[in-house]
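Trainee: Here is the input, now give the coordinates:
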Amino acid sequence: MENEPKFEKPEAALERMKLSDYENLGTDFEEWLGTQEIPEIFWARIVHSNSASTVRELLDVTQEALSDMHRRRKEHPVSFAESRFTPVAEMIERGMVSCGAIATIFGNVLRKLGIPTKFVHGKLESQKEKNHRHPWLEIYNPLDESWVEVDATRDEFKLPPGAQPIKRYHDWLELKEDFDKGDY
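Mentor: Okay, here's the model as predicted:
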């Protein structure tokens, strides 16, 4: 099992981390990159962030763009599988609102800009049933070589109290393998 990562409070780290800090990471983090297609209409709203912008500003811009699009149309996924395994472009087009859809969209935006991101499948203390799970992201912080936990569904992007990781994934396709076996 991989070493447990060290974490900094997201509100502090996200303010310090600049998009330009990711320009020379090399190939060490390729496994935490790679994206699904993001619709141009959505991407165009995000790319105006320049290399001097912080990761926090990028998350805010992404949240604003998603909120604007979801004002026009909102759709709740009908199942756990739909909230994780639907392609990003379809999630955005349908206005999918769920913790899984939001984590998927944010993770792919970060990765498209070269920010290594892990998808974390976890649970909250308050979630007792097996099919009630909560995802979040871990974003690499090149300033101190740590990973920052980010919950794109919450204010200030902080994890809720009692969040417990179950497993970290390169993408949700790996989770699908576990899901299909009933081991999630």
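Trainee: Quick check: which element contains residue 119?
Mentor: strand 117-124 (DSSP states H and E).
Trainee: for the lengthiest helix in the chain, packing partners?
Mentor: Counting by DSSP state H, the longest helix found in the chain is helix 55-72. The contact analysis (3 or more CB pairs under 8 Å, 6 or more residues apart in numbering; DSSP states H and E) places helix 55-72 against helix 10-16, helix 40-46, helix 99-112. C-betas here are computed from N, CA, C, even on glycine.
Trainee: and it, what's its mean pLDDT?
Mentor: The average of the pLDDT scores along helix 55-72 is 88.
Trainee: got a list of what residue 29 touches?
Mentor: 116, 140 (CB atoms under 8 Å, 6 or more residues apart in numbering).
Trainee: So residue 183: helix, strand or coil?
Mentor: At residue 183 the chain is in coil, as set by DSSP: H, G, I helix; E, B strand; the rest coil.
Trainee: what's around it, how many residues?
Mentor: Residue 183 has 9 neighbouring residues, counting by other CB atoms under 10 Å.
Trainee: For it, give its distance to residue 167.
Mentor: 9 Å (CB to CB, to the nearest Å).
Trainee: In stretch 172-184, which residues are buried?
Mentor: 172, 175, 179, 184 (16 or more other CB atoms under 10 Å).
Trainee: about what we covered before: any chance you could list what contacts the longest helix of the chain?
Mentor: So helix 55-72 is contacted by 11, 13-15, 17-19, 42, 45-46, 48-49, 92, 95, 97, 102, 105-106, 109-110, 113, 115, 139, 150, 152, 157 (CB under 8 Å, 6+ apart).
Trainee: now those: which count as buried?
Mentor: Among those, the ones that count as buried by 16+ other CB under 10 Å are 13-14, 17-19, 42, 45-46, 49, 92, 95, 97, 102, 105-106, 109-110, 113, 115, 139, 150, 152, 157.
Trainee: how much space between the residue positioned nearest the centre of the chain and residue 64?
Mentor: Nearest to the mean C-alpha position of the chain, by CA atoms, centre = their mean, lies residue 107 at 3.2 Å. Going from residue 107 to residue 64 by CB to CB gives 17 Å.
Trainee: before we move on, what about residue 87?
Mentor: The gap separating residue 87 from residue 64 is 22 Å, by CB to CB.
Trainee: got the CA positions of the longest helix of the chain in PDB?
Mentor: Provided in PDB are the C-alpha atoms of helix 55-72 (Å, rounded to 0.1, in the frame of the first residue of the first chain):
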ATOM      1  CA  VAL A  55      -5.100  26.900  -8.000                       C
ATOM      2  CA  ARG A  56      -7.800  28.500  -5.700                       C
ATOM      3  CA  GLU A  57      -8.700  31.000  -8.400                       C
ATOM      4  CA  LEU A  58      -8.900  28.100 -10.900                       C
ATOM      5  CA  LEU A  59     -11.200  26.200  -8.600                       C
ATOM      6  CA  ASP A  60     -13.400  29.300  -8.100                       C
ATOM      7  CA  VAL A  61     -13.600  29.900 -11.800                       C
ATOM      8  CA  THR A  62     -14.500  26.300 -12.400                       C
ATOM      9  CA  GLN A  63     -17.200  26.400  -9.700                       C
ATOM     10  CA  GLU A  64     -18.700  29.600 -11.100                       C
ATOM     11  CA  ALA A  65     -18.700  28.200 -14.700                       C
ATOM     12  CA  LEU A  66     -20.400  25.000 -13.400                       C
ATOM     13  CA  SER A  67     -22.900  26.900 -11.300                       C
ATOM     14  CA  ASP A  68     -23.900  29.100 -14.300                       C
ATOM     15  CA  MET A  69     -24.300  26.100 -16.500                       C
ATOM     16  CA  HIS A  70     -26.300  24.200 -13.900                       C
ATOM     17  CA  ARG A  71     -28.700  27.200 -13.400                       C
ATOM     18  CA  ARG A  72     -30.000  26.400 -16.900                       C
END
